[in-house]
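Enquirer: Here's a sequence, model it:
(chains A and B)
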Amino acid sequence: MKLTASLSLFLSALWLLLSGHYDILLISMGVASVLFTIYMSHRMKIIDDEGHPIHLKGQFFKFWFILSGKIFTSNIDVALRILGVKPIQPQLIKLKLDQDSDLSKVIYANAITLTPGSASLHIEDGYLFVHTISREGAEELLNGDMAKLIPKGITGENQ
Amino acid sequence: MNLDLIADITTAILVSFGCFLGIIGGLGMHRLGDFYSRLHAVGITDTLCSFLILSGLAFQAGLTLVTVKLILVFLFLFFTSPTASFSLANNAWNWGLKPENLPVELAESYEGDDS
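Expert: Okay, the predicted model is just below:
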């Protein structure tokens, strides 16, 4: 119930920001579309901790801040490698996934893909296969530089 | 110096850096050896390039609803591009495409297993 209320608030705010017209006719259309979306999400049973994770708050700002810094530096690194200033040394590594919930595994794998220079390929038996463009990038990941960043205590469906 | 001029100069700098990164990403698509390496070149155009161009445009829009929409565009790109990259890479892997140009000892260890 709490999730449904928060989702409808979120959708209404999104609709108001996207529309920019505030007369009676359009607002009532907005209300109708929000209600329809809520109804459909209910029918699809996607209103849960995973689909609408409102329990993830403060700790995420720090995570995103550090991740943006990493994305910035690795962008420059990959650009230099493409231009031929640094060597291109593709690597394929296996990382152990010791996060306890599915949601934190998804965040971990997506954070790796989002950083240029490393991309997650495949998950098998609790291991994540990652392709990186450089030896240094592979070593950083193997040292757990990215795993350390993922906020602790994310709940979500457990395996 | 009035504010408009400062906004224009900031936009020019941000958008040109963004376009430069876009060109590098395109160059990488041709220069890099195999499919998996090319994914990293796309990573550049997905993240910093689009961020620079969109924030450059936001300086032109000022504090209006247009800026909010630009931020939303960036957020949607930010959340969907790793999903798209992963599904490309995962499908390639499942169909048995092996990464090329790996160091010799690594390449041998991945030659054998059929996934």
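Enquirer: All the strands of chain A, residue numbers only.
Expert: A:91-96, A:118-124, A:127-132 (DSSP state E).
Enquirer: where in chain B is pLDDT low?
Expert: B:1, B:104-115 (pLDDT under 70).
Enquirer: Identify the spatial nearest neighbour of the residue of it found nearest chain A, chain neighbours not counted.
Expert: Closest contact between chain B and chain A, by CB to the nearest CB, is at residue B:43 (3.2 Å). All C-beta atoms are positioned from the backbone trio N, CA, C, and that covers glycine. Nearest non-adjacent residue to residue B:43, counting by CB to CB, 6 or more residues apart in numbering or on different chains: residue A:116, 3.2 Å away.
Enquirer: one step back: any chance of the strands of chain A in CSV with distance to chain B as columns?
Expert: Output for those, formatted as CSV (distance: least, CB to the nearest CB, whole Å):
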stretch, distance to chain B
strand A:91-96, 5
strand A:118-124, 5
strand A:127-132, 4
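Enquirer: Dump the ones you listed to a markdown table, plus mean pLDDT.
Expert: Shown next, in a markdown table, are these (pLDDT from 0 to 100):
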| stretch | mean pLDDT |
| --- | --- |
| strand A:91-96 | 86 |
| strand A:118-124 | 87 |
| strand A:127-132 | 88 |
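Enquirer: Is it possible to get JSON lines of those strands that adds distance to residue B:50?
Expert: Below are those laid out as JSON lines (distance: least, CB to CB, whole Å):
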{"stretch": "strand A:91-96", "distance to residue B:50": "26"}
{"stretch": "strand A:118-124", "distance to residue B:50": "17"}
{"stretch": "strand A:127-132", "distance to residue B:50": "22"}
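Enquirer: Point out the one among those that comes closest to residue A:76.
Expert: Closest approach to residue A:76 among these is made by strand A:118-124 (14.6 Å; CB to CB).
Enquirer: contacting residues for residue B:37?
Expert: A:88, A:90, A:131, A:133, B:99, B:101 (CB atoms under 8 Å, 6 or more residues apart in numbering or on different chains).
Enquirer: closest to residue B:53 among those?
Expert: residue A:133 (23.3 Å).
Enquirer: Was I right to think that closest one contacts residue A:93?
Expert: No. Using CB atoms under 8 Å, residue A:133 is not in contact with residue A:93, being 11.9 Å away.
Enquirer: ok, these two, which is more surrounded?
Expert: Comparing residue A:133 with residue A:93 by other CB atoms under 10 Å in any protein chain shown, the one with more neighbours is residue A:133, at 30 against 17.
Enquirer: What segments of chain A are helices?
Expert: For chain A, applying DSSP state H gives helices covering A:2-19, A:24-44, A:59-82, A:102-114, A:135-142, A:145-149.
Enquirer: List the buried residues in the longest one.
Expert: Of the residues in helix A:59-82, those buried by neighbour count under the rule 16 or more other CB atoms under 10 Å in any protein chain shown are A:63, A:67, A:70-71, A:74-75, A:77-79, A:81-82.
Enquirer: what's the answer for the fourth one, then?
Expert: Neighbour counts using 16+ other CB under 10 Å place A:103-114 of helix A:102-114 among the buried residues.
Enquirer: Same list (those) but as a markdown table, adding pLDDT and distance to chain B.
Expert: Converted to a markdown table, the buried residues of helix A:102-114 look like this (pLDDT from 0 to 100; distance: CB to the nearest CB, whole Å):
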| residue | pLDDT | distance to chain B |
| --- | --- | --- |
| A:103 | 80 | 14 |
| A:104 | 83 | 15 |
| A:105 | 85 | 12 |
| A:106 | 85 | 9 |
| A:107 | 85 | 10 |
| A:108 | 88 | 11 |
| A:109 | 89 | 7 |
| A:110 | 88 | 4 |
| A:111 | 89 | 8 |
| A:112 | 89 | 8 |
| A:113 | 89 | 4 |
| A:114 | 88 | 5 |
